[in-house]
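Visitor: need a structure here:
(one chain, ligands or ions: 2)
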Amino acid sequence: VAPYCCGGRLNSPLMLHPIWKGPLDIPGGSRQSPIDIRVRDSVFHPNLAPISTQYDPNTCLHIWNNGYSFLVEYDDCTNKSVVSGGPLENPYRLKQFHFHWGANNDWGSEHTVDSKVFPAELHLVHWNCSRYRTFEEAIMEENGLAVIGIFIKLGRHHEKLQKLVDILPSVRYKESLTEFNYFDPSCLLPTCSDYWTYSGSLTTPPLTESVTWIMMKKPIEVDHSQLAVFRSLLYTAVGEEEKNMVDNFRPLQPLMNRTVHSSFE
Ligand SMILES: CCCSc1c(F)c(F)c(S(=O)(=O)NC)c(F)c1F
Ligand SMILES: [Zn+2]
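Guide: Numbers count the residues shown, from 1 in each chain. Ligands and ions are numbered 1, 2, ... in the order given. Okay, the predicted model is just below:
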């Protein structure tokens, strides 16, 4: 599959910032992510229950730069922070959340909606603790993960996000980690509960086809200065030639034989 993010133009981010070191397509992959969500082709599922999240801010552990994004990680030894309902047959435990963003405000999201690109996208990653013993195991298994994806658009300052933005300089370098607690990611969810759902994959290695995607229809808003701080992070470790962490999104993947379901008409 040729990289065709941003229309596949030679000046598309992937061409300019070939950060994507992994394979662009997985041989035999039939349910890869991200995808373009064609609204008219999505199928309303009348008995899709609302998504229910219950997050305990005390389970927030730390934040670290893994060289692809920055991850806010949670204690997943109990069911204190879980998502349930919607297409999920049981609760999934919150493991971490992270973002994908562009070098500028014209692109950055992984998923698109009728080819509309957003400047960034937030992923809340959960694992199926009823069927698997650990997150590491769940990553490799069908129905192992549930990821809530939230589009981010430029607009008003996001008050609750600022606590996270303020700590980012301390994880500027790859592998840096800092304590971060008492953060409830519910504050990052849109107020509208409408979503699309489809079967897909991780968008970073190992790209395993283990994800039930739950893409919220409505974006949240952050302001220019907040997104600019994301772009001040580095892909590189201390002492290495500095490379700004931007365009950390995967190109769109073919829908193949999949249907996107919507929770709304
Ligand atoms: C080996 C996985 C480390 S955790 C992780 C991650 F870091 C990540 F970036 C994504 S993603 O595919 O990029 N977004 C959903 C995941 F799904 C993850 F589970
Ligand atoms: Zn992600």
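Visitor: Pull up the residues of the protein that are close to ligand 1.
Guide: Within reach of ligand 1 by Cβ under 6 Å from any ligand atom, the chain has these residues: 66, 68-69, 71, 98, 123, 125, 139, 147, 202-204. Just so you know, the C-beta spots here come from the backbone N, C-alpha and C atoms, and that holds for glycine as well.
Visitor: residues in contact with Ser33?
Guide: For Ser33, the contacting residues are 110-111, 200-203, 211, 213, 250, 253, by Cβ atoms under 8 Å, 6 or more residues apart in numbering.
Visitor: nearest to Ser225, of the residues you listed?
Guide: Nearest to Ser225 among the contacts of Ser33: Glu110, at 23.0 Å, using Cβ to Cβ.
Visitor: and the closest one, what is it in contact with?
Guide: 33-34, 100, 121, 149, 203, 249-250.
Visitor: let's see 7 Å
Guide: Residues near Glu110 by Cβ atoms under 7 Å, 6 or more residues apart in numbering: 34, 100, 121, 203, 249-250.
Visitor: Test my guess that Val211 contacts Thr197.
Guide: No: taking contacts as Cβ atoms under 7 Å, Val211 lies outside contact range of Thr197: 10.5 Å.
Visitor: neighbour count winner among these two?
Guide: Between Val211 and Thr197, Val211 has the larger neighbour count (other Cβ atoms under 10 Å), namely 25 against 22.
Visitor: In contact with Arg93: list those residues for me.
Guide: Shown in contact with Arg93 (Cβ under 7 Å, 6+ apart): 76, 79, 81-82, 126-127, 129.
Visitor: Assign a three-state SS to it, would you?
Guide: Of the three states, Arg93 takes strand under DSSP: H, G, I helix; E, B strand; the rest coil.
Visitor: circling back: highest neighbour count among the contacts of Arg93?
Guide: His126 (30 neighbours).
Visitor: Tell me how many other residues surround Cys60.
Guide: 22.
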